[in-house]
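In: Give me a model of this one.
(chains A and B)
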Amino acid sequence: MPSVHIDFDQVAIDSVSTMDTNGDAVETSAFIIPVIIPLDDVGPWLALYDETSGTSPSAANSRVLARAVLAALQAAAEG
Amino acid sequence: MPVFPAFNPTTGASGGAPSQAGASFYDVPFGDPVDLTSGWTLYDPDSLIKSITFSGGFHTVTWNAVSGSSDYNWSAGTTHRAPRWYRSAQIDGTVLTSDDVVQDIGLVITDNTQRGAFDNALVHGICVDPTSTAATAIAGIGQAVTVFTGGAATASMGVWTVNSSSVTATSAPSRSMSTAQYGGRHTGSVSFTNFDASGFRVQNGSRNGTVTLGAGASLNWIVGLGIRSSGTNIGQDDQSLQFKLYRKSVKMNLIGVL
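Out: Now for the predicted structure:
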């Protein structure tokens, strides 16, 4: 399983105006959570992802990413 | 080799005659506040600015009516048609270029009792082409201030990078200082510290620019006004946030140390 980390020191609350990956405008007050994916794990992560499939990545693989982000969000939100 | 200080040691102005001995970099004065009504050129492709006044260091801007569009939001889209004032970025009469690596320092003070009639925004920094309407050709970074008339009782303050921004109203700031490290043929990065009235930090942050600059392009200082959200409409004779600006640019000599 490829790894993922959160740069927790750099989690911040800001009002951010920018564009997301799809080019859609984002304007919101938010937690900004930097996700660290080691370069050695980029290939393995992308191999698990098929952008044309609504069921990709698998639940197990998605959970690795989701839990990393949500653990950081929970810790930051609880201060 | 002659010494060319980065600012006039008496007035703190970025321009002015170089001194013989150079100037201290401790307690560098900001000098007089920016006066957009004198020495700055307004580029306003859609004639949105009805008037601007300058009194006590603060600017008051009155607008003509317009319907909301991302074109008038400095932190969205690829087209910027919002009004902006600009002037050539010079230190001691030498025009800065995109080849230089410049520390561009800005200070903004807001009158949070005069935040304007609509959700508005201010950007203040350094750029390449202030008369372009393409965000990546303007290539500006610096300070950002936004006003949400239905939200926080103070302006939100932070930083602007090309067509995005990060700001915060945490702890009710009315003063913010930023330093952009701009150039070397890239927009670089910008960081900010929001202050209380005593000059102590209440919040800080940063943001990276993402635009590669061409070689040898002349730089300009820029002050842009617009809407906070792309859907915000401006009514005839609406006013925006009253603000005071200071600025300073410093260029280190990299020759001989690289």
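In: what sits against the residue nearest in space to the middle of chain B?
Out: The residue lying closest to the centre of chain B (C-alpha atoms, centre = their mean) is residue B:124, at 1.0 Å. By C-beta atoms under 8 Å, 6 or more residues apart in numbering or on different chains, residue B:124 lies in contact with B:106, B:108, B:142, B:143, B:145, B:222, B:223, B:224, B:245, B:247. (C-beta placed from N, C-alpha, C; glycine too.)
In: Then residue A:43 would be within a helix, right?
Out: Yes: the assignment for residue A:43 (DSSP: H, G, I helix; E, B strand; the rest coil) places it in a helix.
In: Now the element after the strand ranked longest in chain B, going C-ward?
Out: Ranked by residue count and defined by DSSP state E, the top strand of chain B is strand B:101-116. Later in the chain than strand B:101-116, the nearest helix or strand by DSSP states H and E is strand B:120-127.
In: Kindly report the residues of chain A close to chain B.
Out: By C-beta under 8 Å from any C-beta of the partner chain, the residues of chain A that approach chain B are A:12, A:13, A:14, A:15, A:16, A:17, A:18, A:19, A:25, A:27, A:32.
In: Neighbours of residue 61, how many?
Out: Chain wasn't specified; assuming chain A. Per other C-beta atoms under 10 Å in any protein chain shown, the neighbour tally for residue A:61 reads 16.
In: wrong one, I was asking about chain B
Out: Residue B:61 has 22 nearby residues by other C-beta under 10 Å.
In: If it is in a bridge, with which residues?
Out: Beta-bridge partners recorded for residue B:61 (DSSP bridges): residue B:52.
In: wait, what's in contact with it?
Out: Taking C-beta under 8 Å, 6+ apart, one finds B:49, B:51, B:52, B:225, B:239, B:240 in contact with residue B:61.
In: just residue B:239 next, same as before
Out: B:60, B:61, B:62, B:63, B:114, B:116, B:117.
In: Put together TSV for those, with pLDDT on each row.
Out: As requested, these are exported to TSV (pLDDT from 0 to 100):
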residue	pLDDT
B:60	98
B:61	98
B:62	98
B:63	98
B:114	91
B:116	93
B:117	94
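In: and which of those residues is nearest chain A?
Out: Chain A lies nearest to residue B:116 out of the contacts of residue B:239, by C-beta to the nearest C-beta, at 16.7 Å.
In: Need the pLDDT of residue B:113.
Out: Here, the pLDDT recorded for residue B:113 equals 89.
In: and the gap between it and residue B:242?
Out: 8 Å (C-beta to C-beta, to the nearest Å).
In: you'd agree residue B:52 is up against residue B:36?
Out: Yes: Residue B:52 is within contact range of residue B:36, at 6.1 Å (criterion: C-beta atoms under 8 Å).
In: Identify the contacts common to those two.
Out: With C-beta under 8 Å, 6+ apart, residue B:52 and residue B:36 have common neighbours B:42, B:59.
In: Name the residue in these two with the higher neighbour count.
Out: The residue with more neighbours, out of residue B:52 and residue B:36, is residue B:36; 21 against 16, by other C-beta under 10 Å.
In: Skipping adjacent residues, who's closest to that one in space?
Out: Spatial nearest neighbour of residue B:36, chain neighbours left out: residue B:85 (4.7 Å); criterion: C-beta to C-beta, 6 or more residues apart in numbering or on different chains.
In: now residue B:136: how far from residue B:81?
Out: Residue B:136 is 15 Å from residue B:81, by C-beta to C-beta.
In: Same check on residue A:27?
Out: For residue A:27, the distance to residue B:81 - C-beta to C-beta - is 18 Å.
In: How about residue B:130?
Out: Taking C-beta to C-beta, one finds residue B:130 at 13 Å from residue B:81.
In: Specify which residue of those two has the higher count of neighbours.
Out: residue B:130 (24 against 19).
In: Does that one touch residue B:88 like I think?
Out: No: counting by C-beta under 8 Å, residue B:130 does not reach residue B:88; the two are 9.8 Å apart.
In: can you list residues touching both of those two?
Out: Common neighbours of residue B:130 and residue B:88, counting by C-beta under 8 Å, 6+ apart, are residue B:220.
In: Name the helix or strand for residue B:46, please.
Out: Per DSSP H and E, there is no helix or strand for residue B:46.
In: All set, thanks.
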